[in-house]
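K.L.:
got a sequence here, can you model it:
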Amino acid sequence: MSAMQTLVDLFAGRRDAAKLTPRDWDGVIGVARAEAMLATLSHRLDAADLPPPVAALFADQRAAAKVAQNQALWEAEMARRALAPEGIEFILLKGTAYAAVGLRCSDGRQIGDLDILVVAHHIRRAENELLEAGWEWVKSDPYDDHYYREHMHELPPLIHKARDRMIDVHHMILPKTHRITPDALSLVSDAVVTESGLAVLCPTDMVCHCAAHMLADGDLQGGLRNLWDFHCLTRDFAAADPRFWDKLDARADRHGLGAAVHRAARLARDLFGADLPPGWDGRDPADSWYRRRLLARDDWGRPTNFLLQQAFYIRSHWLRMPPMMLAKHLWTKWRKG
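P.N.:
Residues are numbered from 1 along each chain as shown. Next comes the predicted model:
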């Protein structure tokens, strides 16, 4: 059995961690680290009978992840202090949002950039306020700057010059030129405020965004972690609301994300053993390609199946842009190296 399959089985509860050999652990730790899921695994196996070296490593991972989450939440507070005086509100997205609500999928989750959603007519003001508060541009290339502003769903990335933390300021959750156009105004209007005063997407929108980020806006790089997020979110939201799956179905259709959300649910079932309600538990032969892509690592954590990865990379760009724009963009990027 491959290390990736063992990792998935550990998350799904199909494999007993106490029965893994030292060689098994070498592989599992390698692929979990490569997928940015090592700290998440340490939480998942918190009560398991582990070899002392593995238990010590996992304890360190849990401690480091807690520090990183506190840093991410502090960065969100810094953004609030920069924007609130000008009346600019924002909604937390992705990992920082999960941590702000205290969702179980945030346990051990690595959080990189701070992702926020601002209504489109405030985007320029938000940009100016962040620049005045110490953030600066990561990309200085004129073509990249133009591409972000004209075609993307976010500003060019910013990094704080003192704290060295990046922020991505979104005004949509998919690029302007994408074939799917989620309803950005409903995302903002139906957001909920946490006890700390920071806003996050409502549960159904949070799941829709997770599926969009994983399946409609990328090449599935980091997809296994995103799929675990999706699995945990739907499991916990459904446990709290018996009508959640029906609400999610309707909301996904409103955003044009029905196919992505249903595929994510089937993948969560196939890999993590998710329980799906009637109407969701179907079969699609194409799902096998997504499963292969999600598990495309060898036992050292190195990417495998290069042609499949390239196919998903091309697919991600094909979804983002019309053919002529895509050809021009890829030609420009190739010329620039």
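
K.L.:
from now on I want contacts and neighbour counts done on CA atoms only, so please keep to that.
P.N.:
Fine.

K.L.:
I'd like the next helix or strand past the host helix or strand of A260.
P.N.:
Assigned by DSSP states H and E, A260 falls within helix 258-272. Next helix or strand after helix 258-272 toward the C-terminus (DSSP H and E): helix 287-294.

K.L.:
got the contact list for that next one?
P.N.:
L220, G223, L224, R263, R266, L267, L271, N305, L308, Q309 (CA atoms under 8 Å, 6 or more residues apart in numbering).

K.L.:
tilt between it and helix 258-272?
P.N.:
With axes from the mean of the first three to the mean of the last three CA atoms, to 10 degrees applied, the angle from helix 287-294 to helix 258-272 works out at 60 degrees.

K.L.:
after helix 287-294, which helix or strand is next? Please name it.
P.N.:
Downstream of helix 287-294 (by DSSP H and E), the next one is helix 306-320.

K.L.:
got the buried residues for that following helix?
P.N.:
Q309, F312, S316, H317, W318, L319, R320 (16 or more other CA atoms under 10 Å).

K.L.:
follow-up on the earlier one: contacts for the helix holding A260?
P.N.:
Contacts of helix 258-272 (CA under 8 Å, 6+ apart): 8-9, 11-12, 207-208, 211-212, 215-216, 227-228, 230-231, 249, 252, 274-276, 280-283, 287, 290-291.

K.L.:
make a ChimeraX selection of the buried ones in those.
P.N.:
Buried residues within these, by 16+ other CA under 10 Å, are selected in ChimeraX with:
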select :8,9,11,12,207,208,211,212,215,216,227,228,230,231,249,252,274,275,276,280,290,291
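
K.L.:
contacts only, for the closest residue in space to M172 that isn't next to it in sequence.
P.N.:
Once flanking residues are discounted, M172 sits nearest to H153: 4.8 Å by CA to CA, 6 or more residues apart in numbering. The contact partners of H153, taken as CA under 8 Å, 6+ apart, are H170, H171, M172, I173, L174, P175, K176.

K.L.:
residues in contact with the fourth one?
P.N.:
With contact taken as CA under 8 Å, 6+ apart, I173 is in contact with H153, P182, A184, H209, A212, H213.

K.L.:
mind checking pLDDT for the first one?
P.N.:
With respect to pLDDT, H153 has a value of 86.

K.L.:
ok so, going back, check which residues of the helix holding A260 are buried.
P.N.:
In helix 258-272, counting by 16+ other CA under 10 Å, buried: 258-269, 271-272.

K.L.:
tell me the secondary structure for E89?
P.N.:
coil (DSSP: H, G, I helix; E, B strand; the rest coil).

K.L.:
what number of residues lie near it?
P.N.:
For E89, the neighbour count with other CA atoms under 10 Å is 19.

K.L.:
ok, it touching A79?
P.N.:
No - E89 is beyond contact range of A79, at 9.9 Å (criterion: CA atoms under 8 Å).

K.L.:
if we can go back for a sec, R23: which of the contacts of I173 is nearest?
P.N.:
Here the nearest of the contacts of I173 to R23, counting by CA to CA, is H213; it sits at 33.9 Å.

K.L.:
hang on, that closest one in a strand?
P.N.:
No - counting by three-state DSSP, H213 is not found in a strand; it is helix.

K.L.:
quick check: it vs Y313, distance?
P.N.:
14 Å (CA to CA, to the nearest Å).

K.L.:
now do D246
P.N.:
D246 is 32 Å from Y313, by CA to CA.

K.L.:
ok, now which ones touch P203?
P.N.:
Applying CA under 8 Å, 6+ apart, the residues near P203 are F237.

K.L.:
that older thread, ok, so what distance separates the residue nearest to M172 from R44?
P.N.:
H153 is 34 Å from R44, by CA to CA.

K.L.:
with L83 instead?
P.N.:
37 Å.

K.L.:
repeat that for W245.
P.N.:
Counting by CA to CA - W245 and R44 are separated by 25 Å.

K.L.:
of the two, who's got more company?
P.N.:
Taking other CA under 10 Å, W245 and R44 do not tie; W245 has more neighbours (20 against 16).

K.L.:
now that one: which helix or strand?
P.N.:
Per DSSP H and E: helix 244-254 holds W245.

K.L.:
now do Q221
P.N.:
If you go by DSSP H and E, Q221 is not part of any helix or strand.
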